[in-house]
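K.L.:
sharing a model prediction with you, sequence too.
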Amino acid sequence: LGFFVLGPALAGLWMHQRAALLGVLRDRAEEAERTRTLLADQAVFAERRRIAREMHDVVAHRVTAVALQAGALSLRAPDEQTEQAAETIRATSAVALDELRAVLRVLRDDAPDAGPGVLASLEDLVAEVAATGARVELTLPDPLPAVPDQVDRAVYRVVQEALTNAGKHAPHAAVDVRLAVTGDRLAVEVTNRLTPHGGAVPGSGYGLVGMRERVELAGGDLRTGPTGDGRFRVLACFPVGEGL
């Protein structure tokens, strides 16, 4: 009688206790994982705020000094050409400060990147670069395709970085910026003629790396390098329309 009655009862009690213990251990493991995630998020947020402080204290201060000195030079310029150059430097510095503030807001507050987009700002970007004396030709599809914000910003940054690199490594060379839609793909191509001697502006070496990371995060692919006709090409392709 004890074997047939007490045995199953004890086995059922043991299984119930075991299930309860496993549930408690599972809850504790989940709570520990949530705690680790929270601590990691707090550490990341603290590091982002530290980087934001450093960027504000160092970069923003330097760019502000450039803008102020350019503004003072434009007021005391000995001729019109010098005044125009100083005003271009001042305006470019002001735009850089606005973009830096947007980056600082992202770092400090985890706000969405509200940077300029291709639909609104590509022509302005090319005009700013052309105001420095560069020869830039921009070709856009008509109408412009509807793309997500992430792709929109990636296109802008690719063109911006490619123009910056062309100015550093091939000064005074003509640059061709072309956007084209083929099927469900948006191609962004920036080409310039290779020159034997680049500019004297130092580079960090992270421009192409950051460009590739941004393109891949937007679901696209990037190819860079010299072509067979003596030109350097930056080609980024992004999904649009039904291909998203």
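P.N.:
Cool, got the structure.

K.L.:
now the strand or helix carrying residue 215: buried residues?
P.N.:
Per DSSP states H and E, residue 215 falls inside helix 207-217. Residues of helix 207-217 classed as buried by neighbour count (16 or more other Cβ atoms under 10 Å): 211, 212, 214, 215. Bear in mind the C-beta positions are built from the backbone N, C-alpha and C, glycine included.

K.L.:
how close does residue 174 get to residue 236?
P.N.:
Distance, residue 174 to residue 236, using Cβ to Cβ, to the nearest Å: 20 Å.

K.L.:
same thing with residue 214?
P.N.:
9 Å.

K.L.:
okay, and the common contacts of these two?
P.N.:
154, 158 (Cβ atoms under 8 Å, 6 or more residues apart in numbering).

K.L.:
give me the contacts around stretch 78-95.
P.N.:
So stretch 78-95 is contacted by 63, 64, 66, 67, 70, 71, 73, 74, 77, 128, 131, 132 (Cβ under 8 Å, 6+ apart).

K.L.:
only the buried subset of these, as a PyMOL command please.
P.N.:
This is the PyMOL syntax for the buried subset of the contacts of stretch 78-95, where burial follows 16+ other Cβ under 10 Å:
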select buried, resi 63+66+67+70+71+73+74+128
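
K.L.:
turn the contacts of stretch 78-95 into a markdown table, columns for pLDDT, distance to residue 35 and secondary structure.
P.N.:
Formatted as a markdown table, those follow (pLDDT from 0 to 100; distance: Cβ to Cβ, whole Å; DSSP: H, G, I helix; E, B strand; the rest coil):
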| residue | pLDDT | distance to residue 35 | secondary structure |
| --- | --- | --- | --- |
| 63 | 85 | 41 | helix |
| 64 | 85 | 42 | helix |
| 66 | 88 | 46 | helix |
| 67 | 85 | 46 | helix |
| 70 | 87 | 51 | helix |
| 71 | 86 | 52 | helix |
| 73 | 88 | 56 | helix |
| 74 | 84 | 56 | helix |
| 77 | 84 | 61 | coil |
| 128 | 82 | 48 | helix |
| 131 | 79 | 54 | helix |
| 132 | 77 | 52 | coil |
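
K.L.:
residue 129 against residue 162, yeah?
P.N.:
No - using Cβ atoms under 8 Å, residue 129 makes no contact with residue 162, being 10.4 Å away.
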